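Student: Sequence and predicted structure, then a few things I'm wondering about:
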Amino acid sequence: MAPTASLAQQAPAPHSGAPLARRAATALAAALVLGAAAAPAAHAAVPGSPSAAAKKLPDGLYGTKDPQYDGVWRQSLALLAQHTVGVRPAASGVRWLVGQQCADGAFTAFRAEPGKPCAAKAMRDTNQTAAAVQALAALGGHRDAVDKAVGWLKSVQNDDGSWSSMPGSPGDANSTSVVIGALAAAGQKPASVTSKKHKSPYDGLLTFRLGCAGKEDAHGAFTFQLKGAAPNADATAAAATGVLGKGFVVAPTGRGAHTPLTPPACKDGKDKKAGPVSAARAADGGAAYLVAQLDKNGQHLLSAMPGAEPQPDVGNTADAVVALAAGGHDAEARRPLAWLQKNAADWARQSGPAAYAQLVLAAHATGSDPRSFGGTDLVTALNATGPEPAAVSGKHEDADASGKDDGGGIPWWIIGVGLAFGAGLGFLLSGRKRDRL
């Protein structure tokens with residue numbers, strides 16, 4: 001999935017050119033929950049912050065936190081996850097999302113006054129736009145909005161076939177992947193969407209594949225950006241899904257389905273298999289890298305903020321589950337899925353609708369029941385973060401599924417991640433401030 005309730009392995013804003021995972025916007029929102037006490041001044045210093053408006057959130061918006069950086073993202077994931085499990089979202093929730101679109105088809109993260117035209121300098125975001133496309137295409141009845149958004153996405157494709165979060169910046173694996181998912185959801189053939197230099201999204205995405213470069217434990221990984229290329233688990237999970245032409249919703253292949261992992265055949269830093277890399281081969285290599293990282297860390301991925309020890313990254317682990325399921329690696333996906341079932345409920349409760357949506361989609365991709373996820377009814381919990389759904393299929397209540405913070409039982413590592421994010425929050429926000437000047 002791109003910005004979603006996972007904590008990035010790196011920190012400054014996407015348009016600054018520094019590496020940032022596709023879900024940084026939602027990560028920031030989660031950090032404002034978990035780490036607000038650590039950096040209130042940094043948040044207050046952001047010019048134009050709608051924090052005052054956020055005290056009275058718009059009708060239909062999911063979540064209770066300031067939507068400045070992730071409003072469209074979390075709304076899109078929430079609506080898409082509900083639709084995927086047979087919930088018909090409230091009309092007000094869908095109206096809010098449609099109303100966020102700019103006249104040129106793009107979406108920003110949040111428009112406090114959707115009745116006014118988007119300013120020419122408003123920060124249009126490919127991740128938020130692509131997420132909205134996936135949600136509105138699934139819901140149906142919004143063809144004009146979807147087509148306009150797709151048209152805008154095509155207009156900001158980089159020459160190498162990739163996309164960045166903010167148009168005009170070097171591309172990254174996460175943004176390129178989420179746009180591929182949007183194109184597919186809208187009924188487009190991603191391979192036919194080419195740049196001025198005749199490069200497809202898959203051409204762009206494969207430029208971030210490390211293949212046999214670097215150490216053996218990095219073989220098959222993708223990097224977030226070419227500058228300072230390094231193996232990145234979040235980028236790899238995104239790319240291993242995107243290179244197969246799939247988006248946030250991955251249809252389950254059935255319990256027990258198993259496609260053997262085929263990591264790159266490397267020797268002396270080179271792939272022994274000559275010729276162009278196929279999508280399946282790239283996806284399998286990425287899956288093999290993810291499995292190695294999951295095994296190394298106890299069936300979860302890690303995230304570390306500046307100055308902090310690595311912590312379990314729940315959101316990226318959920319994305320890895322989806323990526324493994326997308327490649328048909330059901331047995332390998334079951335192990336991190338079991339870890340999520342034991343450890344993710346408190347994280348989702350603290351982080352909000354996008355986090356619940358990620359877990360719902362991970363459960364769906366593996367054919368698991370999101371209404372009984374380690375003792376939590378994720379569907380009821382997600383529904384509780386927004387307006388009451390118009391209709392719910394297979395409703396199941398659970399005592400641990402209110403979606404509200406019960407004030408206790410938060411694992412030490414979730415608190416640690418929040419404090420770590422707070423420590424680096426000023427740097428992240430100051431980077432955003434500089435880019436707006």
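Tutor: Arrived safely, thanks for sending. Numbers count the residues shown, from 1 in each chain.

Student: So residue 348 is in contact with residue 384, correct?
Tutor: No. Under the criterion of CB atoms under 8 Å, residue 348 lies out of contact with residue 384, with a separation of 11.4 Å. C-beta: built from backbone N, CA, C; applies to glycine.

Student: Residue 59 contacts residue 92, doesn't it?
Tutor: Yes. With contact defined as CB under 8 Å, residue 59 counts as touching residue 92 (5.4 Å).

Student: Mind checking which of the two has more residues around it?
Tutor: residue 92 (15 against 11; other CB atoms under 10 Å).

Student: Regarding that one, which helix or strand does it belong to?
Tutor: Here residue 92 is covered by helix 91-99, with elements defined by DSSP states H and E.

Student: Could you check the angle the helix or strand following that helix makes with helix 91-99?
Tutor: In the C-terminal direction, the helix or strand that comes right after helix 91-99 (DSSP H and E) is helix 126-139. With axes from the mean of the first three to the mean of the last three CA atoms, to 10 degrees defining the directions, helix 126-139 sits at 130 degrees from helix 91-99.

Student: Now do the strands for the stretch 251-400 of the chain: every range, in order, please.
Tutor: Listed in chain order, the strands found in the stretch 251-400 of the chain under DSSP state E, counting those that start in this stretch are 266-267, 270-271, 301-303, 311-313, 391-392.

Student: need the helix or strand of the chain with the lowest average pLDDT.
Tutor: Of all helical and strand segments in the chain, the minimum by mean pLDDT, DSSP states H and E falls on helix 40-44, at a mean of 29.

Student: out of residue 348 and residue 384, which sits in the more crowded spot?
Tutor: Between residue 348 and residue 384, counted using other CB under 10 Å, residue 348 has the larger neighbour count: 29 against 16.

Student: now that one, nearest residue through space, not along the chain?
Tutor: In this structure, residue 348 finds its nearest non-sequential neighbour in residue 355, 4.1 Å apart by CB to CB, 6 or more residues apart in numbering.

Student: Now residue 188, what are its backbone angles?
Tutor: Main-chain dihedrals, residue 188, degrees, to the nearest 10: phi -90, psi 160.

Student: Low-confidence ranges, the stretch 301-437 of the chain, go.
Tutor: Low-confidence regions of the stretch 301-437 of the chain, defined by pLDDT under 70, span residues 304-306, 394-437.

Student: and the closest residue to residue 128 other than its chain neighbours, how many neighbours?
Tutor: With CB to CB, 6+ apart as the measure, residue 72 is the residue that lies nearest to residue 128, at 4.1 Å, once sequence neighbours are left out. Residue 72 is surrounded by 28 other residues when neighbours are defined as other CB under 10 Å.

Student: ok, back up a step: touching both of residue 59 and residue 92, which residues are there?
Tutor: Among the neighbours of residue 59, those also in contact with residue 92 (CB atoms under 8 Å, 6 or more residues apart in numbering) are residue 387.
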